[in-house]
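Asks: no sequence on hand, only this structure:
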Ligand SMILES: C[S@@+](CC[C@H](N)C(=O)[O-])C[C@H]1O[C@@H](n2cnc3c(N)ncnc32)[C@H](O)[C@@H]1O
């Protein structure tokens, strides 16, 4: 397989990410992590070196799984979580196993974003949640970062509202949380009652 910039410079991306998440985002992720039961499993999707899960790795008895395309990024991960080399569009996991899925600064690298969302729907528990942290290209800083990223990578930045619609189309309810030039899409699977409300109209 062709080497990516992530295979070539895993250390650099680890350092960039460490400073890219604002405090408010860490707080929001922490409250999701804190709401989990002991023994739940957290997936850090396209984790690279393990950010954002590095922020929470010592929490309770939670188990963390890091998945990334790049073995070199996974090798740089500083903690002993399960590490899986894999592609977000075709995840090597059973159905309904994860209580929380984190995905930071990676969704814009996925070339088939609808398939990724369908995979998330398949592997998340019925009461699980996801937190996907992204760059908002409607902002000046976000646009500049996306242009720089474009020089080195194939990128598919998605606007917050379009992303929310994609999540709804693939069976989630989701909200957007903005942090200046970044945002998060936070969601959970639609309950059966939301998908098929008593009046028979699908939302
Ligand atoms: C900018 S890094 C972000 C890593 C980490 N989440 C962070 O916040 O530092 C993007 C990561 O996505 C991974 N990646 C890109 N496309 C992928 C795919 N289709 N499936 C899994 N991982 C992918 C890359 O190998 C890289 O490690």
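Replies: Structure's in. What do you need? As the structure is a computational prediction, the values presented were derived from the model and not from experiment.
Asks: specify the local secondary structure of the residue positioned nearest the centre of the chain.
Replies: By CA atoms, centre = their mean, the chain has its centre lying nearest to residue 103, at 1.5 Å. Under DSSP: H, G, I helix; E, B strand; the rest coil, the three-state class of residue 103 is strand.
Asks: enumerate the beta-bridge partners assigned to it.
Replies: Here residue 103 sits in beta bridges with residue 132, as judged by DSSP bridges.
Asks: now do residue 87
Replies: Assigned bridge partners for residue 87, using DSSP bridges, are residue 90.
Asks: pretty sure it sits against residue 46.
Replies: No: counting by CB atoms under 8 Å, residue 87 stays clear of residue 46, with 9.3 Å between them. All C-beta spots, glycine's among them, are computed from the backbone N, C-alpha and C.
Asks: any common contacting residues for those two?
Replies: Taking CB atoms under 8 Å, 6 or more residues apart in numbering as the criterion, residue 87 and residue 46 both touch residue 69.
Asks: between these two, which one's more packed in?
Replies: Between residue 87 and residue 46, counting by other CB atoms under 10 Å, residue 46 is the more crowded of the two (24 against 17).
Asks: separation between that one and the ligand?
Replies: 4 Å (CB to the nearest ligand atom, to the nearest Å).
Asks: please begin residue numbering at 753 from this point
Replies: I'll keep to 753 as the first residue from here, and by that count the last item is residue 798.
Asks: confidence score at residue 766?
Replies: With respect to pLDDT, residue 766 scores 65.
Asks: ok, now which ones touch the residue nearest to the centre of the chain?
Replies: By CB under 8 Å, 6+ apart, the contact set of residue 855 is 796, 797, 798, 840, 882, 883, 884, 885.
Asks: swap in residue 880?
Replies: If you count contacts by CB under 8 Å, 6+ apart, residue 880 has them with 848, 850, 851, 852, 853, 940, 941.
Asks: now the host helix or strand of it: buried residues?
Replies: For residue 880, the host element (DSSP states H and E) is strand 876-887. Judged by neighbour count using 16 or more other CB atoms under 10 Å, the buried positions of strand 876-887 are 876, 877, 880, 881, 882, 883, 884, 885, 886, 887.
Asks: quick one: the strands in the chain?
Replies: 793-797, 815-820, 834-837, 850-856, 876-887, 924-931, 934-941 (DSSP state E).
Asks: around residue 779, how many other residues sit close by?
Replies: 9.
Asks: show the pLDDT at it.
Replies: For residue 779, the predicted pLDDT is 95.
Asks: hang on, isn't residue 806 packed against residue 833?
Replies: No: when contacts are counted by CB under 8 Å, residue 806 is not listed as touching residue 833 (9.2 Å).
Asks: which parts of this protein sit against the ligand?
Replies: Within the chain, the positions adjacent to the ligand are 756, 758, 765, 769, 798-800, 803, 820-822, 825, 839-841, 856-858, 861-862 by CB under 6 Å from any ligand atom.
Asks: who are the contact partners of residue 862?
Replies: 798, 840, 841, 868, 908.
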